[in-house]
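S.K.: pasting the structure only:
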């Protein structure tokens, strides 16, 4: 259970540190987040600051002395800081996947792999890794998150998240189409808004390419735009995908969650010799999250589908 007081305490520490670094060094807020995480981990202030500023930062970091905050409390505080940093730099927060999506994907994965004791999670378009780490923190089994991103600013924030949550060397700075040769149990990702260019559509290409990074029977959960299957400029996509995966389900999310059009969660499973065929496709619609009873009813219906079909 997340202690909101701890989340606020961690955020206040990061925020005050970032503001001090900005006032002293004119360091951008987002860069200040990564520097603050480095200082917390090293238990020392490495920047050239005035004695008073160093004293302030050392005092702030004392909240971590002898306190082992849960990973999810740290992630939530980091997310708040990143959102503030994006606002400071006048950048869109559209790349930060809402927690509700991560928690819903966690619920789905729990149902798909309920007997698993350890799960390797992979996000091929990790961004700041908020989605990936939301799932890793909330799934009931041991999770090993692996992420890839080719935007240096997003990567720096993601690696800071990995480090401060003690997830190890699981974040990679490279093009997703150069990442290969490992086997994940599940892929979770949030596809960015994309256009078809020279008959290539990024989400289609990612699903095809990273088929090789899933073990047989592994699951691919993706947040997709509702026009995902309408890209007629790309020939044969459905046929190619059906030769690599079986389609498990499609969960439509409330339009009010998104500023750029409706989205859904697509669930695929990599085909393999011992993969059981699902005879009934899961088709569900989540109503507005403001209507808690309607949402709960939708979750109960989904739970019933998993019980009957898996």
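M.R.: Everything's here; your move. The model shown is predicted, which means the values in this text are computed figures rather than measured ones.
S.K.: just want the most central residue of this structure.
M.R.: The chain has residue 131 as the residue nearest its centroid, 1.4 Å off, counting by C-alpha atoms, centre = their mean.
S.K.: how close does the nearest residue to that residue once chain neighbours are set aside get to residue 193?
M.R.: Excluding the flanking residues, the one nearest residue 131 by C-beta to C-beta, 6 or more residues apart in numbering is residue 97, at 3.9 Å. Placement of C-beta: from N, CA and C, glycine included. According to C-beta to C-beta, to the nearest Å, residue 97 and residue 193 sit 13 Å apart.
S.K.: the two - which one has more neighbours?
M.R.: Ranked by neighbour count (other C-beta atoms under 10 Å), residue 97 and residue 193 place residue 97 first, with 23 against 10.
S.K.: and the more buried one, helix, strand or coil?
M.R.: With DSSP: H, G, I helix; E, B strand; the rest coil as the basis, residue 97 sits in coil.
S.K.: please tell me I have it right and it contacts residue 130.
M.R.: Yes: taking contacts as C-beta atoms under 8 Å, residue 97 lies within contact range of residue 130: 5.6 Å.
S.K.: overlap in contacts, these two.
M.R.: Counting by C-beta atoms under 8 Å, 6 or more residues apart in numbering, residue 97 and residue 130 have no contacts in common.
S.K.: stretch 285-305: which residues count as buried?
M.R.: Counting neighbours by 16 or more other C-beta atoms under 10 Å, one finds that the buried residues in stretch 285-305 are 286, 287, 295, 298, 302, 305.
S.K.: can you pick out the most distant pair from these?
M.R.: Maximum pairwise distance in the buried residues of stretch 285-305, criterion C-beta to C-beta, is 16.8 Å, between 287 and 305.
S.K.: hang on, the residue nearest to the centre of the chain in a strand?
M.R.: No: the assignment for residue 131, made by three-state DSSP, is helix rather than a strand.
S.K.: now do the contacts for it.
M.R.: By C-beta under 8 Å, 6+ apart, the neighbours of residue 131 are 97, 101, 102, 105, 123, 188, 189, 190, 223.
S.K.: just give me how far stretch 276-283 sits from the chain centre.
M.R.: Offset of stretch 276-283 from its chain centre (C-alpha atoms, centre = their mean, to the nearest Å): 26 Å.
S.K.: for it, buried residues please.
M.R.: By neighbour count on 16+ other C-beta under 10 Å, the buried set for stretch 276-283 is 278, 282.
S.K.: what pLDDT, on average, does it get?
M.R.: Averaging pLDDT along stretch 276-283 gives 91.
S.K.: how long is that stretch end to end?
M.R.: In stretch 276-283, first residue to last residue: 19 Å (C-alpha to C-alpha, to the nearest Å).
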